Each structure stands twice: as structure tokens, then as C-alpha cells.
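Asks: 3D model of this:
(one chain, ligands or ions: 1)
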Amino acid sequence: MPGFLGKLYREGRVYTEASLDHGISTTCGGHATILTGMPPGPIGIPGNTYIDENFNMRYCVDDLDDNYKVFGQDVNRSPNSMKASTFGEWLKQSYPDSRVFSVGGKDRATITMAGHKADGVFWYDAKNGYFTSSRFYTKELPVYVQRFNGQNPLIDGYLKDTPDTWIHGEGSYREDDYEGEVEALNRFSGHPLAKPAKSDDESNVFDQIYKSPVIDTQTLQLAKIIIEEEHLGGGEHPDLLILALSAIDLVGHQYGPRSAESEDTLDNIDHLLSEFVSDLERTLGKDNLLIVLTADHGVAELPEYASEMGTNNCPEQGRIAAWPLFLRALASTYWHFTGPFDRPSELIQFGGTGFSFSRDYIDREGLELSNVIETLHDSLSEIDIVRNVWTQKEILAGTNEESRLLRNSLSPKNSPDILLQLHESCVVTLGKGTTHGSIYHYDRDVPLMYYGWQIKPGHIAGKAHTVDIAPSLAEHIGLLTPQDLYGKPKRLRD
Ligand SMILES: [Zn+2]
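Replies: All right, here's what the predicted structure looks like:
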């Protein structure tokens, strides 16, 4: 890579075997770990969604308090379900004049990394096509964000300049337009963003932007404005700027990790960061920057491509539809426990990472919780793509590495009663494309690179985890941290 990613790899401190130290590799938990120094489960983030005590589906950065409405939307957002403090909070504790800003494509990424005391947290609203925030952080959107939104600098400009055909440069990507890639965004070959047809409404364009490299371009444009307007890096003490570059995840979901589209997305990040960092080095001075790059998770190969490569280890070598699994769970529950006039969903719900049972229903009908759990456990265990069915008890009592990783994603109050672990390479999707979330290396392996202020360069082999980032950074710049952190500081200097 000719730009900043290549430079980071050559001149930075690179942990070559870095991974997540938790078993459920979803976005919310992955980001919550990076700057708290805690695994996601114990701090209340078992997945992107979960079933709460009242048997309602909840989003990880949702908040029941209507004081925390998002600008321009009828939803509430805050970091309140995350029961941990962040690096940004430790920074402000030591240096009250330090500023903390977070900007990116997704609310669950920017919020969980920023934490509770950030000065500004902004993410892209794919419905309305602008950057927004929650009233948890600010009474109104700063004027410079409103101005940026009003100009829509890239939405119009980019689409106007979009070529009719797109030719990828020399790359290492696999054959383009591979079977299994998502085609929903009526893209032309290899290009992740199509010109809107006349009939398209704007929201379709916004959704395309959200799922393309353009979201990263926009994120960094806004980040640049934040730096200028807030004079970041200009004070006596360190400031923190968090960037959540979401495109690689969204593009990965649609086209897979070896696609021309994924390579385009990385090229874009490489190029954008190159410009972004040289600007900062010029204005702040090379010795005044410390940069960390990592990820919240990886992504599984497209099942069709994995099959051709001979790396598909799923007993059913295709993609796995979710509905037969749900149907099986519902049928088994209905057959054994639900009253003839009740819907099985009154007793059982899928919360995103597994199945939860309603305690109310169980009490009302005089059922035995352990019996209900065991019955579903046995029924799901018979499915050939299922490698293991975990109850919370089994996760807590387990002695192998998988149970340890799952414990780090276990949130006793919010985790499901039954967790399904499929075999390696089994990709459950609603349609085409691919996903992540599993315990396997392709979903847990991530980059981890440090660069800049007093960082000792070099390539370091051996285990390294994202949960160690916050304590390592804190030690590096001399911050006090909470005492019971799970992550361990790694020495970043000589
Ligand atoms: Zn994702």
C-alpha cells in the first residue's frame, strides 16, 4: 500500500497476531472493548442487540430516556448500557482541558469508543444523509456540523463525478462479480456506488453512501473540520480524536473480504489517511501525534468463494438461511411448552446472538426454566451445522479456550439463555453477501498498529488483543486507569 496503511506497517509498531479476546465478534462489543480495556460481555454489551429483563429487544446504544433523542430521528442514543469508563474519560480525569471527539459511520461505533464524557460524537444517519448526534452529548449540533450537512459536499459532488464504468487497478482481489455478492445496490461492476436512477429516492442514495467508501471520505472531511474548529492538538495536554471508518465493514458484508470492492475501500482509506496524517504532521508537528489503528472484528469469506478455494469447512457448503434455525427453535418450544392459543414468541425470542426465554411466561405457566433450556438445547444440538449449543451455565463452567472467549462476551443479565455456535465457515445471512460474529479466527483476527509519539517501531509476533489497547495507551502517556481492568498494558516504547 503506497499510502498511510503501508507506512504504518513499515514504520509502526505492528502486532502481527492481534485478535479479539472475546467470542462474539459483533460491532458493538468490538468497539466497546477498544477504549475501555474491558471485554464486552461483563460491561453489558453481549452483541449489537439483546433481549432485556422485560423481554424486549434492545439495541446496544439505545436508551429509554427520551432526553437523549437523536437529532432528526425519533430514537434515543447514549453509552449508558455500557458499564465502563473509556480512555477519553481517563484522559479528562487527568487533564480536564483535554478534548475528546468521535466521528464515524455508525452510532454504535462512535458512541462506545467515546464513552460518557466526550465533547462531541457524530455519526452518519443513513436515512437522512447527514451526520448527527444525540442530545446525550450536546443540546444542538455544532454550527460547523450543520454547515457540513447543509453543503452535502460529497453527496452531490461525488455522484456527479462518478464514472459510468469503473476499472479496478492492479490488485490482489479475486474475480469480480463473484457468485454470492450482493447486487441490491444496482452497482455497476466493481463500483460500490451507482448513480441514482431518476426513480430512486434520495434515501437510497444515502444508503448506498453508507455502504460504500464514500462514508469514510465524508468521515475524514468532517474530522478535519472538527480539528480546525475545536483546535484539537493545540492545547497544553493531549486531545483524543476517534475515527470510526465503517466502510470496510459495510463493503465486506456485501462483497466479501477478497473482493475488488474491499480492495477499493482499503485503497481509499490508505490514500485518505495519508493526506489526513500529513496535514496533521504539518500543522501539529510530527512528534505531537500518536496514532493507533485497529478493528472491531473481521469478516467471513463468501461461502461460494471459500468452497472454490477448498476452505469451506461448513457441513452444508453453502450459505445458511437463518429461518430454518428459528423455525426449529419455535417449533420445539411450541411443541413442548407453549399453550395451544399462545404464540411461541411469547416464550422465546432471538435477541441477535441467541435465544432468550420469558421469565414472566415461565412463571405464569408454571414451567421449569432449566427444563425449557435443556429441551431447546437438545433440539438444536441435532442440527448438522451446529457445532455447539451453549447455555450460560456451560459457558461459565467451561474450561477450554472457546468457553473463556465466550465468557468475555457473556453478560449474565443481557446474554441469551441459549447461544448457538455453528461450525467454522457456516455463514448465516438473510440473503447474499457475508457476515461476522463468530468465534473463529477470520472474524476475530484484526490489525493492531501504533505509530508516532515515543512508539518503538517493529513487528511483534505472539498474542495481542484489542482489550489491551486502552491500558497500553494510558501507561504510555501516564494516565491513571480504573484498577480492575481486564486488559493488560503492553510496553510501547524502548
Ligand atoms: Zn458488520
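
Asks: all contacts plus neighbour counts: C-alpha atoms, from now on.
Replies: OK.

Asks: how long is stretch 307-316 from one end to the other?
Replies: 10 Å (C-alpha to C-alpha, to the nearest Å).

Asks: Which residues does the longest helix anywhere in the chain contact?
Replies: The residue-count maximum for a helix in the chain (DSSP state H) belongs to helix 260-284. The contact list for helix 260-284, computed with C-alpha atoms under 8 Å, 6 or more residues apart in numbering, reads 1-6, 168, 171, 173-176, 190-192, 212-213, 216-217, 220, 224, 233-234, 247-248, 251-252, 255-256, 286-289.

Asks: chain center to that helix: distance?
Replies: Taking C-alpha atoms, centre = their mean, to the nearest Å, one finds helix 260-284 lying 20 Å from the centre of the chain it belongs to.

Asks: Name every strand pairing with whatever helix or strand comes next after that helix and say which way it goes.
Replies: Elements were assigned by DSSP states H and E; along the chain past helix 260-284, the next helix or strand is strand 290-294. With DSSP bridges as the criterion, the sheet partners recorded for strand 290-294 are strand 448-452 (antiparallel).

Asks: pLDDT of the longest helix of the chain, averaged?
Replies: Predicted confidence along helix 260-284 averages 93 (mean pLDDT).

Asks: And stretch 405-425, by the same measure?
Replies: Computed over stretch 405-425, the mean pLDDT rounds to 95.

Asks: What are the buried residues along it?
Replies: Neighbour-count burial for stretch 405-425, counted by 16 or more other C-alpha atoms under 10 Å, picks out 405-412, 414-425.

Asks: Tell me which of the residues you listed fall in strands.
Replies: Among the buried residues of stretch 405-425, the members found in strands (DSSP state E) are 418-422.

Asks: Wait, Tyr486 touches Pro39, no?
Replies: Yes: counting by C-alpha atoms under 8 Å, a contact exists between Tyr486 and Pro39, whose distance comes to 7.1 Å.

Asks: burial of Leu35, as a residue count?
Replies: Here the number of neighbours of Leu35 (other C-alpha atoms under 10 Å) works out to 27.

Asks: how much space between it and Pro412?
Replies: The value you get for Leu35 to Pro412, if C-alpha to C-alpha is used, is 22 Å.

Asks: And the furthest pair within the ones in strands among the buried residues of stretch 405-425?
Replies: Spatially, the most separated pair among these is Ile418 and Leu422, at 12.7 Å (C-alpha to C-alpha).

Asks: ok, now how distant is Gly398 from Ser370?
Replies: Noted for Gly398: a distance of 18 Å to Ser370, by C-alpha to C-alpha.

Asks: And the two? Which one has more around it.
Replies: Taking neighbours as other C-alpha under 10 Å, Gly398 and Ser370 compare with Gly398 leading, 15 against 10.

Asks: didn't that one look like it was pressed against Leu406?
Replies: No: using C-alpha under 8 Å, Gly398 and Leu406 do not qualify as a contacting pair, with a distance of 9.4 Å.

Asks: can you list residues touching both of the two?
Replies: Taking C-alpha under 8 Å, 6+ apart as the contact criterion, Gly398 and Leu406 have no common neighbours.

Asks: Need the per-residue pLDDT for Arg359.
Replies: 95.

Asks: For it, grab phi and psi.
Replies: Here is the backbone geometry of Arg359 (degrees, to the nearest 10): phi -70, psi -40.

Asks: ok, it - contacts?
Replies: Counting by C-alpha under 8 Å, 6+ apart, the residues that Arg359 touches are Leu369.

Asks: Kindly report the same for Ser381.
Replies: By C-alpha under 8 Å, 6+ apart, the residues touching Ser381 are 387-389.

Asks: if we go to 7 Å?
Replies: For Ser381, the set of contacting residues under the criterion of C-alpha atoms under 7 Å, 6 or more residues apart in numbering consists of 388-389.

Asks: The residue nearest to Ala397 when sequence neighbours are not counted - how many residues pack around it?
Replies: Distance criterion C-alpha to C-alpha, 6 or more residues apart in numbering; nearest residue to Ala397, sequence neighbours excluded, is Ser403 at 8.0 Å. Ser403 has 19 neighbours, counted by other C-alpha under 10 Å.

Asks: Quickly note the distance from Ser403 to Ser409.
Replies: 10 Å.

Asks: With Gly252 instead?
Replies: Following C-alpha to C-alpha, the distance that separates Gly252 from Ser409 is 23 Å.

Asks: Touching, Tyr50 and Asp62? I think so.
Replies: No: with contact defined as C-alpha atoms under 7 Å, Tyr50 does not count as touching Asp62 (10.9 Å).

Asks: In terms of packing, which of those two has more residues around it?
Replies: When neighbours are counted by other C-alpha under 10 Å, Tyr50 comes out ahead of the other of Tyr50 and Asp62, with 28 against 19.

Asks: Surely that one is within a helix?
Replies: No: in this structure, Tyr50 is strand, not part of a helix, as judged by DSSP: H, G, I helix; E, B strand; the rest coil.

Asks: Quick check: it vs Ala300, distance?
Replies: If you go by C-alpha to C-alpha, the gap between Tyr50 and Ala300 works out to 22 Å.

Asks: Now for the nearest residue to Pro2 once chain neighbours are set aside, how many residues are close by?
Replies: Excluding its sequence neighbours, the residue lying closest to Pro2 (C-alpha to C-alpha, 6+ apart) is Asp270, at 7.4 Å. By other C-alpha under 10 Å, the residues close to Asp270 number 19.

Asks: returning to that earlier point: may I see the ones in strands among the buried residues of stretch 405-425 organised as a markdown table, with distance to Phe131 added?
Replies: Compiled in a markdown table, those are given as follows (distance: C-alpha to C-alpha, whole Å):
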| residue | distance to Phe131 |
| --- | --- |
| Ile418 | 37 |
| Leu419 | 35 |
| Leu420 | 36 |
| Gln421 | 36 |
| Leu422 | 37 |
